[in-house]
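Trainee: whatever this is, show me its structure:
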Amino acid sequence: MEEVSVAVRGISLNVLVDGPADGTPVLLVHGNCSSAAFWRPLLRHLPPTLRIVAPDLRGYGNSDTAPVDATRGLRDFADDIAELLDKSDLFGGSDKVIVAAHSMGCGVAMQLLVDHPARIKALLLEAPLSPYGFGGTRDLDGTPLPNFAGTGGGGANPDFVQRILAGDRSDDSPTSPLTVLRSAYVADPASLGEDEQLLLDTVLSTAIGDDNYPGDSKPTDTWPGIAPGDRGVLNTMAPNHFNVAEALVNVPDKPPITWVRGDRDAIVSDTSFFDLAYLGKIGAVPGWPGDDVAPPQPMVGQTRAVFERYGPYTEVVYENCGHSPHVERPTEVAAELLKLI
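Mentor: As a prediction, this is how the structure comes out:
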């Protein structure tokens, strides 16, 4: 793939580009703690006739490290992508693109759809965060917990953060990036295969700090004592800053959505090991006040409820598959993407 630098909104994004300029344009949006190179296991299964455009989001991969204003939800990322769409040389002058996104990148894609619906032909959303944000909501309607407690930058494991900063490539701890890649990104570590070190590189490319990952945090008297801040990546997904449910439902001329997920996803799940309320319920975080006060977020149920109101969508669930179906089931995910094309 060709690697190009593209100026958008005062920063430079590194963009992986492949395929003929007049090919069907497909935009790939990666998730948190990864980069555009995380898509490489999927790209091997796509035909060479497609025009692939895969940017590193700000603060990831080889793109500039720039502040992320979490009070805008995921719009800093989405606005960068929107300006990228205006670069006609990248997309062969096409007015519409097909978008495939992963995890946090699905939230970016949802925001892009809300703000620029005429630019999107179809979406493949892989392991998407809930349209109500990540954590801090109690029911299928996205009713928030008091003070949105337990969400945002304070929810990151500090040892994991420091190990990314140090470029740690060991597997000597449950919180080392390599161990997290093996245990949380996929259901079967063997599925990483020869790509393991490449995919680890994408995790380690994450810019660390209050303005990037994980972001800042605020104290609260509500369990577990942290509330979302206003800066950085994890706060962009906190439910006080990111909630596109009603806006999605009201998008005119809705493009079709294919929602793919694994049934053993450890990150986006109704029993997510990254949801402090669920960790409290199973005793991993002390002092949990109970389901009446801080129930785990029904992430999958919320997404399904919103998509059913949205309209044209298909849900595809892979058995014995985790958070990254395009790594674990690349042939099947490629087939779903080609159906949309």
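
Trainee: how about the worst-scoring helix or strand of the chain on mean pLDDT: buried residues?
Mentor: Sorted by mean pLDDT, DSSP states H and E, the helices and strands of the chain end with helix 88-91, the least confident at a mean of 87. Judged by neighbour count using 16 or more other Cβ atoms under 10 Å, the buried positions of helix 88-91 are 90-91. From N, CA and C alone the C-beta is placed, and that goes for glycine too.

Trainee: in this protein, which spans are helices?
Mentor: When assigned using DSSP state H, the helices of the chain occupy the ranges 40-43, 75-85, 88-91, 104-115, 158-165, 177-180, 196-204, 233-236, 245-249, 276-281, 299-310, 325-328, 330-340.

Trainee: now the second one: buried residues?
Mentor: Pointing back at helix 75-85 there. Buried, per 16+ other Cβ under 10 Å, within helix 75-85: 75-82, 84-85.

Trainee: same deal with stretch 100-117?
Mentor: Applying 16+ other Cβ under 10 Å to stretch 100-117 flags 100-115 as buried.

Trainee: that one: how far from the chain's middle?
Mentor: 9 Å (Cα atoms, centre = their mean, to the nearest Å).

Trainee: as CSV, could you dump the C-alpha coordinates of that stretch?
Mentor: The C-alpha coordinates for stretch 100-117 follow below in CSV (Å, rounded to 0.1, in the frame of the first residue of the first chain):
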residue,chain,number,x,y,z
ALA,A,100,-16.0,0.1,7.3
ALA,A,101,-15.2,0.8,10.9
HIS,A,102,-14.0,-1.0,14.0
SER,A,103,-14.9,-0.4,17.7
MET,A,104,-14.4,3.3,18.6
GLY,A,105,-14.1,3.9,14.8
CYS,A,106,-17.7,2.9,14.5
GLY,A,107,-18.6,5.8,16.7
VAL,A,108,-16.6,8.1,14.4
ALA,A,109,-18.5,6.6,11.4
MET,A,110,-21.8,7.1,13.2
GLN,A,111,-21.0,10.8,13.8
LEU,A,112,-19.8,11.1,10.2
LEU,A,113,-23.2,9.7,9.0
VAL,A,114,-25.1,12.1,11.2
ASP,A,115,-23.2,15.1,10.0
HIS,A,116,-22.6,14.2,6.4
PRO,A,117,-25.3,11.6,5.4
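
Trainee: quote the end-to-end distance of stretch 65-74.
Mentor: Counting by Cα to Cα, to the nearest Å, you get 16 Å between the two ends of stretch 65-74.

Trainee: what comes into contact with that stretch?
Mentor: Stretch 65-74 is contacted by residues 10-11, 58-59, 76-77, 104, 107-108, 111, 152, 207, 211-212, 215, 228-233, 235-238, 241-244 when judged by Cβ atoms under 8 Å, 6 or more residues apart in numbering.

Trainee: pull out the buried residues from these.
Mentor: Buried subset of these (neighbour count, 16+ other Cβ under 10 Å): 11, 58-59, 76-77, 104, 107-108, 111, 152, 207, 211-212, 215, 228-233, 235-238, 241-244.

Trainee: what residues are up against residue 315?
Mentor: Residue 315 touches 259, 261, 304, 307, counting by Cβ under 8 Å, 6+ apart.

Trainee: can you verify my assumption that the first one contacts residue 312?
Mentor: Which is residue 259. No: counting by Cβ atoms under 8 Å, residue 259 stays clear of residue 312, with 11.3 Å between them.

Trainee: of these two, which one has the most company?
Mentor: For residue 259 versus residue 312, the count of surrounding residues by other Cβ atoms under 10 Å is larger for residue 259: 21 against 11.

Trainee: who's in contact with the residue sitting nearest the centre point of the chain?
Mentor: Central residue of the chain (Cα atoms, centre = their mean): residue 104, 1.5 Å from the mean position. Contacts for residue 104 (Cβ under 8 Å, 6+ apart) come out as 31-32, 74, 129, 233, 236-237.

Trainee: residue 12 against residue 63, yeah?
Mentor: Yes: between residue 12 and residue 63 there is a contact under Cβ under 8 Å: 6.7 Å.

Trainee: more neighbours: which of the two?
Mentor: With neighbours defined as other Cβ under 10 Å, residue 12 and residue 63 compare such that residue 63 has more, 24 against 15.

Trainee: what's the burial count for the closest residue to that one other than its chain neighbours?
Mentor: With sequence-adjacent residues excluded and distances taken as Cβ to Cβ, 6 or more residues apart in numbering, residue 63 is closest to residue 56, at 4.0 Å. Residues lying near residue 56 (other Cβ under 10 Å) number 24.

Trainee: now do the contacts for residue 56.
Mentor: Residue 56 touches 13-16, 30, 35-36, 62-63, 205, counting by Cβ under 8 Å, 6+ apart.

Trainee: could you report the pLDDT at residue 92?
Mentor: Turning to residue 92, the model gives it a pLDDT of 83.

Trainee: residues near it, how many?
Mentor: 15.

Trainee: ramachandran coordinates for it?
Mentor: phi 60, psi 30 (degrees, to the nearest 10).

Trainee: can you pull the contacts of it?
Mentor: Per Cβ under 8 Å, 6+ apart, neighbours of residue 92: 20-23, 25, 51.

Trainee: what do you get if the cut-off is 10 Å, keeping everything else the same?
Mentor: Residue 92 sits next to 19-25, 51, 53 when contact means Cβ atoms under 10 Å, 6 or more residues apart in numbering.
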